[in-house]
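Student: the following block contains a protein sequence and its predicted model.
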Amino acid sequence: MDFSDNARDAAFRAEARAWLDANRPVELAPQLAELGFAPNSLRDADLLAESRKWQRRKADAGWACIHWPGAYGGRDASPVERIIWKQEEGIYANLSHLFFIGQNMCGPTLIDHATEEQKRRYLPPIVSGDEIWCQLFSEPTAGSDLAAVQTRAVRDGDDWVVNGQKVWTSGAHFSNFGLLLARTDPTVAKHQGLTMFFLDMASPGIDIRPIRQADGGAEFNEVFFADVRIPDSQRLGAPGEGWKVALGTLMNERLSHGTGMPTGFPELLDLAQSDRAGGRPIDDPAVRAKLASLAVRESGLRLTGLRLVGGLKRGEAPSPASSIGKLVAGPMMQEVAALAIEMQGAMGVVSEYGKAEAAARFQTMLLRSAATRIEGGTDEILRNIIAERVLGLPPEPRVDK
Amino acid sequence: MEFQLSDLQRELVEGVERYLRDAATPEAARASLDREPHGYDRELWRGLASLGVTGLSIGEAYGGMGLGDLELGFVAECAGRFLVRAPLGSTIWRSAAAIELLGSEAQKEWWLPKIAAGDIAVAYVDVAAHAFAEPDVAGGRLTARFPVVADAMAADLFVVVAPGGAWLIEAEDEGVARTALETFDLLQPSADVVLTGATAEPMGAAAEPMGAAAEPMGERDVRDAIRFLRQRAAVLTAFEQVGMCQAAIDGAVAYAKERYAFGRAIGSFQAVKHLLADMYVKMEIARSNSYYAGWALATRDANLTAAAAAAHLSATDALRHCAANAIQVHGGIGFTWELDCHLRYRRAHHLALQSGPARLWQDDLIDALARQREAA
């Protein structure tokens, strides 16, 4: 157990830092520092264009998707090196948000299930940011009960023909490719009748409609499929094996959350130290007790991420224990935002950029964090995963299995 | 960076675990409780000594193994998983280190080998942490009242640290009067201690320097040392608390798998699953904070103040939560004397108080984090 850099770690950190010092887009720093909790747009620049620029610069120098195999554009970095890179990249990691699903979910699924030729074709553009991926999993009647998906894929010669609807597809409107979970056999038990595919989002028959969210944003979409054709060569895993493939995808997602969701605590601490009408909030014993309770979760979360990621061997599959990350971070963000807004007093209700305090980040966080507790596995599903897959408790008797 | 236990650490813990599995059974704890409600299991204490646990972090020059505080932490976590009715907290997490840090050479040479050998138990009084009245000192004699001191009835020696000094007092001294107290922690009893002109050997600032190299410690150094000792004890206790969380969860999970209601194992109900998942999450958060604090303690890292406070606060919270909900998972049977659930529930709330009030740790944590944030 050693939380400090050994000589090899220090050398890697120095190398990463030197490259970052010479290459990071410092002109974006003020805007990126403001983002933090919900990086969906930049104040004075095009987030997608800037993200692509930064991603390309990293990829050209071998600093993108560093834990991926070198053959596919990665760096063969160890789990510890991945942690160090993330620490050093700091706020510039906000420019990776649009690539999150491709790099953390679709990419690892391709690495596990695609042919060698496909990996060489599709992985490098994910690394460079040239191609963006989305994940077509949830449906109107299949959210937590993901295996209930009804979107049908029917074999027709060398193709599959897809009909149905997906929902909550982040970034579908700017994605080049999608990972699709579809039902290929409705006659067998639901977990057995699923198959995973990937497809070109420009395929004829796809209709993408944005969803207006409760926080006013529109990151998510509904995606409709009408006779969309997918070549059988774009099937990932055997027909009927889609559920197993999907679980791998989701476990990779949970691990990537586990390595560090920003909780807003450092910024809350800044706010608590500011001079206000009633004095500094941090001097109020009631506030201190709440801050302390949040502080131990913030450090515990960060250190648990280190243990979960850093404790992996190179290439090892993530543990179901990585569900802890989002399960703790989600409710915590709501608590942090609520406490911050309370500190701001009557002005706490103002969410208008330029008028709200702290770049409206706590107001944004308050609204957006309600979704954090649902997307990528609800709090309740994550508790089931911990109970069944970590603690070994029996599954609930099911009528659908 | 390395997030696994080293081979040495793992072997050490496995050795202690093997011993405790046989020696620290629930039956042994209950037999000791019946035999000596205000004492401890002496056979277990000697067993721990022969394994090297009592001398683990004591220097080799004084009969110990000279291992680090992180190793001691992993042993504390292991001990927490069993019902150890022995004065580890007062003698090993606290007093031994106090003597090693504050004592004169002669005091170290006399007392530390006895602790390492498991021959004595030492009670520890941190006057400021518990807001006890400052002792009166006159002519090498101490007069004071410490209304509640853990392991005091069976102690052979008292280590008293206060803003005004640090002393060693032998329990046999005629100025020492002890009254056993009924307390809810049955694993670690406490007593009311009254000192009336008890012979007190000063440590630290007031100790005579032994040899040319040893300078007497300044008052400031003594205060820093007491603060460090308090942090060290809190960190080691946090490891113990994490071990107790693990035992509470293991017991509750095993029960939830075998107990049937409504025609199915109760562990298959989401209401029970979610209770257990939340216990697990709190334990892991506490474990991560504790491991980091253990590392910060062993390396004397600059973050020790914040790390120790975070470990103490999160492990205290986790254990109170796990101990209470372990009873809940067991249902009615969990509230019987025969089951061990209540022993952990009781001890959880004793350990929460043993390192001083939560407010002091919250202040330490927030002040340290605010300083860090300002510096950054």
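Tutor: Looks like it arrived, so ask away.
Student: buried sites along the host helix or strand of B:His350?
Tutor: Assigned by DSSP states H and E, B:His350 falls within helix B:341-354. Buried residues in helix B:341-354, defined by neighbour count with 16 or more other Cβ atoms under 10 Å in any protein chain shown: B:341-352, B:354. (Each C-beta comes from the backbone N, C-alpha and C, glycine too.)
Student: that one close to chain A?
Tutor: No. Helix B:341-354 lies out of reach of chain A by Cβ under 8 Å from any Cβ of the partner chain, never closer than 14.1 Å.
Student: which other helices and strands does that helix contact?
Tutor: For helix B:341-354, the packing partners by 3 or more Cβ pairs under 8 Å, 6 or more residues apart in numbering or on different chains; DSSP states H and E come out as helix B:219-258, helix B:304-330.
Student: what pLDDT is listed against the residue lying closest to B:Ala358 once chain neighbours are set aside?
Tutor: Counting by Cβ to Cβ, 6 or more residues apart in numbering or on different chains, the nearest residue to B:Ala358 once its immediate chain neighbours are dropped is B:Leu313, at 6.7 Å. pLDDT recorded at B:Leu313 is 98.
Student: B:Leu313 reaches B:Leu365, doesn't it?
Tutor: Yes. Using Cβ atoms under 8 Å, B:Leu313 is in contact with B:Leu365, at 6.8 Å.
Student: now the helix holding B:His350: how far from the chain's centre is it?
Tutor: Here helix B:341-354 is found 12 Å from its chain centre; the criterion is Cα atoms, centre = their mean, to the nearest Å.
Student: one more: stretch A:59-66?
Tutor: Using Cα atoms, centre = their mean, the offset of stretch A:59-66 from its chain centre is 19 Å.
Student: one more: stretch B:276-289?
Tutor: Using Cα atoms, centre = their mean, the offset of stretch B:276-289 from its chain centre is 20 Å.
Student: and B:Gly222, how far from B:Leu101?
Tutor: If you look again at residue B:222, you'll see it is Val, not Gly. For B:Val222, the distance to B:Leu101 (Cβ to Cβ, to the nearest Å) stands at 10 Å.
Student: with neighbour numbers in mind, choose between those two.
Tutor: B:Val222 (24 against 20; other Cβ atoms under 10 Å in any protein chain shown).
Student: pop the domain breakdown of the chain in here.
Tutor: Using chain A. According to automatic domain parsing, chain A comprises the domains A:7-131, A:134-240, A:259-390.
Student: the intended chain is chain B.
Tutor: Structural domains annotated on chain B: B:7-206, B:219-375, as defined by automatic domain parsing.
Student: so for A:Val399, which of those domains sits nearest?
Tutor: A:Val399 lies closest to domain B:219-375 among the domains of chain B, at 13.4 Å (Cβ to Cβ).
Student: look at that closest one and report the distance between its end residues.
Tutor: In domain B:219-375, first residue to last residue: 28 Å (Cα to Cα, to the nearest Å).
Student: pull up the residues of the stretch 51-200 of chain A that are close to chain B.
Tutor: Counting by Cβ under 8 Å from any Cβ, the stretch 51-200 of chain A sits next to chain B at A:Val80, A:Ile83, A:Ile84.
Student: return the member of the residues you listed nearest to chain B.
Tutor: Distance to chain B, by Cβ to the nearest Cβ, is smallest for A:Val80 among these, at 4.9 Å.
Student: hmm, that closest one is touching A:Asp9, no?
Tutor: Yes. With contact defined as Cβ under 8 Å, A:Val80 reaches A:Asp9; the gap is 6.2 Å.
Student: what's the offset of stretch B:40-55 from the middle of its chain?
Tutor: Taking Cα atoms, centre = their mean, the mean C-alpha location of stretch B:40-55 is offset from the chain mean by 15 Å.
Student: deepest of the helices and strands packed on helix B:341-354, which one?
Tutor: Comparing these by mean neighbour count (mean count of other Cβ atoms under 10 Å in any protein chain shown), helix B:304-330 comes out on top with a mean of 26.
Student: if I take it and helix B:219-258, what angle do their directions form?
Tutor: On the basis of axes from the mean of the first three to the mean of the last three Cα atoms, to 10 degrees, helix B:304-330 is oriented at 20 degrees to helix B:219-258.
Student: quick one: secondary structure of the spatially closest residue to A:Pro239 that is not a sequence neighbour?
Tutor: Spatial nearest neighbour of A:Pro239, excluding adjacent residues (Cβ to Cβ, 6+ apart): A:Thr195 at 4.8 Å. Classification of A:Thr195 using DSSP: H, G, I helix; E, B strand; the rest coil returns strand.
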